[in-house]
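Undergrad: no sequence for this one, just the structure:
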């Protein structure tokens, strides 16, 4: 049986063998020695590129971003101008898309800041904005019962909201017994 002797781990002979093997693996490497020439310090932290997880924004800033989208989304159903067709419709649709973008922005910052309830509110803002979009787009692409126009024409004015409601109501003389 062969007897193995233990040499100290930091012997120069082993380091030279390891260095020659590494040089064979990396023939074009310009460094000659892979053994640290600096004495190791006990308790020194290793250099790392990882940073500790930190919230990118304060919780007040996140809530203000989310509240901005909620307030704009809550104000849009009270739009003061006629949004039947034309430029006012385009302006309304731009405002609705700003609600969706504000919701996405709020969802992103709340997710990064680890604020769950704010994230849920921001996702609800996105869904509300998409619902407002669908309310105006679907009648104009032929999906709804009543067909609306994107542009205002001379002879083909857009249907007013009273006419739209009258078209959606059930006729009184439909012959159904209550």
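TA: Done, it's in. Everything numeric here is computed off the predicted structure, so don't read it as measured data. Numbers count the residues shown, from 1 in each chain.

Undergrad: got the residue ranges for the strands in the protein?
TA: In the chain, no segments count as strands under DSSP state E.

Undergrad: For it, give me the ranges with low pLDDT.
TA: 1-11, 27-48, 51-55, 154-178 (pLDDT under 70).

Undergrad: all helices of it, in order?
TA: 12-25, 59-75, 86-112, 116-137, 161-168 (DSSP state H).

Undergrad: Nearest to residue 151, out of those?
TA: Comparing the helices of the chain against residue 151 with C-beta to C-beta, the closest turns out to be helix 86-112 (6.1 Å). Quick note: C-beta positions are derived from backbone N, CA and C, even for glycine.

Undergrad: quick one: the closest one to helix 59-75, angle?
TA: Here helix 86-112 points in a direction 150 degrees away from that of helix 59-75 (axes from the mean of the first three to the mean of the last three C-alpha atoms, to 10 degrees).

Undergrad: Would you mark the buried spots in helix 86-112?
TA: 89, 92-93, 95-96, 98-100, 102-107, 109-110 (16 or more other C-beta atoms under 10 Å).

Undergrad: Ok, stretch 74-85 next?
TA: Buried residues in stretch 74-85, counted by 16+ other C-beta under 10 Å: 76, 83-85.

Undergrad: again, but for stretch 139-147
TA: 139, 144.

Undergrad: Give me the distance between the two termini of that stretch.
TA: For stretch 139-147, the first-to-last residue distance is 5 Å (C-alpha to C-alpha, to the nearest Å).

Undergrad: can the helices of the chain go into TSV with extra columns for distance to residue 145?
TA: Shown next, in TSV, are those (distance: least, C-beta to C-beta, whole Å):
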stretch	distance to residue 145
helix 12-25	75
helix 59-75	26
helix 86-112	19
helix 116-137	14
helix 161-168	7
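
Undergrad: Let me know which of the ones you listed is the nearest to residue 152.
TA: helix 86-112 (4.3 Å).

Undergrad: how much does the closest one deviate in direction from helix 116-137?
TA: If you take the same axes, to 10 degrees, helix 86-112 sits at 160 degrees to helix 116-137.
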